[in-house]
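**Q** Just need the structure, nothing else, for what follows:
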Amino acid sequence: MTTEPTYRRGDSGPAVAAIRERLARLGLIDAGSIPAQGEPVFDDAVENAVRHFQQTRRTTVDGMVTPGTMRLLEEASWRLGDRDLVPSPAEPPFGDDVAELQRSLLTLGFDCGRVNGAYDPTTVGAVREFQRNVGLPATGVTDLATVQALNRLNRRMAHGGLLHAMRESEAIQSAGPALPGKTLVLDPGHGGADTGVRGGGLIEAEVVFDIADRVKTRLEKLSVTTHMSHGPGGSPDDRRRAEKANELGADLLISLHCDFHSNPAASGVAAFYYGNDRFGHSSPTGERFAGLVQREVTARTGLANLGTHGMTWDVLRYTQMPAVRIELGYLTSPHDAALLASQRFRESCADAIVVAVQRLYLPPESDAPTGVLRLAELRSH
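**A** Next comes the predicted model:
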């Protein structure tokens, strides 16, 4: 767990000055708004600018500069050509310049995976391939010469995610409908000292780990190789959870959470997939799978359907396979908390998730309507 500070309204000091400077460079606050005397303050204007920035970045909108938001502000400051992008397996460069590069490579037909702003080995490999094709030394370093070669091709970059989208969809189709042989990672939210949300006498980390364990048992009976992203005592950060799924060569990742809200009337289930409007890229299979999970859970549990949404959380952004995050109700809702305390409800959630996994791989002519496919029927596919 990170020990880096979080900045919020009312704070002041050098870090707040740096935040204001970055927001001003992005055009989100007036560069002349910093007071001539005294320390810069995290005021209403800063909070509103941070909320707007978080909204455009498809991340949690809370108006606070957490370590994650601070990292996104830093990434937003880079444009392609501002710096040389040098491969670094230990800590690859991140930034909007990398995302611009990835989108351009995908448009030109070079597979760098998804547009996630990380100069990872897949992106480096695509750069080397591009360099070989245009007669540059295949160093994997995106330097000025490489950027100029990209620009000279004069291609439109608006559809940079289409190649990856097609390959992702093709991977699902070619995998076939049978579940045996597939690998899935279950990611119970939080863990260890990080217990997550509390409400209705329940603890989020305990609830989602229990549901994940039920899903794991069902999938293993269907001969699906299933891994947990961590044990009950661990709480790796979201990037590490994604990296583990990548290392395992997983076909899918499912992250389970419960939600909270200051209004106890907030209730329902929502599902999230990787979607980044800023760079014109999303995971189409993740979006489809999120919809399947969402509909199955609501049909089998009666929870309100709060829809599916594209987000850029690290556990969705850095996975190389389709990934979804499911918010299984609000622990701050007496209605939802009572359901989540029920063993029958947890069984229904587990059934819904497993059925959604099977429906993702079934061809349209073999699929069944939402809420009617049973686990016993899956063994026949």
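
**Q** The stretch 201-350 of the chain: strands as residue ranges?
**A** 202-203, 225-228, 252-259, 269-276, 281-282, 305-311, 323-330 (DSSP state E, counting those that start in this stretch).

**Q** out of those, nearest to Cys112?
**A** Nearest to Cys112, of all those, is strand 281-282, at 11.0 Å by CB to CB. Bear in mind the C-beta positions are built from the backbone N, C-alpha and C, glycine included.

**Q** Kindly point out the strands partnered with that closest one and how each is oriented relative to it.
**A** As defined by DSSP bridges, the strand partners of strand 281-282 come to strand 269-276 (antiparallel).

**Q** okay, the angle between the partner strand and strand 323-330?
**A** Taking axes from the mean of the first three to the mean of the last three CA atoms, to 10 degrees, one finds strand 269-276 and strand 323-330 inclined to each other by 150 degrees.

**Q** What mean pLDDT does strand 269-276 get?
**A** Per-residue pLDDT over strand 269-276 has a mean of 92.

**Q** Rebuild the strands of the stretch 201-350 of the chain as CSV, extending it with mean neighbour count and distance to Ile19.
**A** CSV is the format used below for the strands of the stretch 201-350 of the chain (neighbours: other CB atoms under 10 Å; distance: least, CB to CB, whole Å):
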stretch, mean neighbour count, distance to Ile19
strand 202-203, 17, 33
strand 225-228, 18, 37
strand 252-259, 26, 27
strand 269-276, 24, 22
strand 281-282, 24, 27
strand 305-311, 17, 22
strand 323-330, 27, 27
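
**Q** for the ones you listed, which one sits closest to Val61?
**A** Closest to Val61 of the strands of the stretch 201-350 of the chain is strand 305-311 (CB to CB; 10.5 Å).

**Q** That closest one vs strand 269-276, what angle?
**A** Orientation of strand 305-311 against strand 269-276 (the same axes, to 10 degrees) gives an angle of 20 degrees.

**Q** Just the strands from the stretch 51-200 of the chain, written as ranges.
**A** Under DSSP E, counting those that start in this stretch, the stretch 51-200 of the chain gives strands at 183-188, 198-199.

**Q** Minimum distance to Gly113: which of the ones you listed has it?
**A** Distance to Gly113, taken as CB to CB, is lowest for strand 183-188 among the strands of the stretch 51-200 of the chain, at 17.2 Å.

**Q** Pull the residues that contact the closest one.
**A** Residues outside strand 183-188 that contact it (CB atoms under 8 Å, 6 or more residues apart in numbering): 205, 208-209, 211-212, 215-216, 219, 224-230, 241, 244-245, 248-256, 315, 357.
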